[in-house]
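Trainee: here is the input, now give the coordinates:
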Amino acid sequence: MLCLIIQKPLKMNANNNSKVNPQCFTFKVVKTNKNDTIYQGLSTNPKNTFITEFIKIEKFQGYSNAFNLGLYFRIKNQSSWAKSKQITGLWKTQSNNIFRGDIKEGNTRTLILFKFDYPNELLKVYLFNFGFYPHHSVIDKLTTNIL
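Mentor: Got it, this is the predicted structure:
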């Protein structure tokens, strides 16, 4: 499955990046529960990142001080989901079915976008270059260009 990211490169100055070229990971639903959905990566996904073959999108249940949060993103990097790493919360964007989050390494945040394709039970995860985390208005412009 081909995962097209941006219709054309965007020119911007956020974090000194002139081109936005995220890695795209495509996942298919394998199990749905009351409070979460488990996805399995398709064989065409890029390698050598923290993203694992299985991921989980969980409903926010109020166990943190997060604000305006509806979902959480977790990777399966341990023997059980409870021990696995919770990466980020998912916040709504101006585009339907597209959410934003980030991964933090030290003091550096990196943007992650999530596009849900509910009819086809697919999820596309867009991981941007390390340290790329622009202002919310720029993120909203990015979401309008995701295919």
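Trainee: buried sites along the worst-scoring helix or strand of the chain on mean pLDDT?
Mentor: Within the chain, confidence by mean pLDDT, DSSP states H and E is lowest for helix 136-145 among all helices and strands, at a mean of 88. Buried residues in helix 136-145, counting neighbours by 16 or more other CB atoms under 10 Å, are found at V138, I139, L142, T143. Quick note: C-beta positions are derived from backbone N, CA and C, even for glycine.
Trainee: is the second one in contact with L111, as I believe?
Mentor: Yes: with contact defined as CB atoms under 8 Å, I139 reaches L111; the gap is 6.8 Å.
Trainee: what touches both of those two?
Mentor: R100 (CB atoms under 8 Å, 6 or more residues apart in numbering).
Trainee: and the pLDDT at Y39?
Mentor: What the model reports as pLDDT for Y39 is 97.
Trainee: same check, this time on the one 10 residues further on
Mentor: As predicted, T49 sits at a pLDDT of 84.
Trainee: ok, how many other residues are close to it?
Mentor: Using other CB atoms under 10 Å, the number of residues around T49 comes to 13.
Trainee: now swap in V29 and tell me
Mentor: 15.
Trainee: show me what the host helix or strand of R74 is packed up against.
Mentor: Assigning secondary structure by DSSP states H and E places R74 in strand 71-75. Other helices and strands packing on strand 71-75, by 3 or more CB pairs under 8 Å, 6 or more residues apart in numbering; DSSP states H and E, are strand 54-59, strand 86-92.
Trainee: and the last one, average pLDDT?
Mentor: Meaning strand 86-92. Strand 86-92 comes out at a mean pLDDT of 92.
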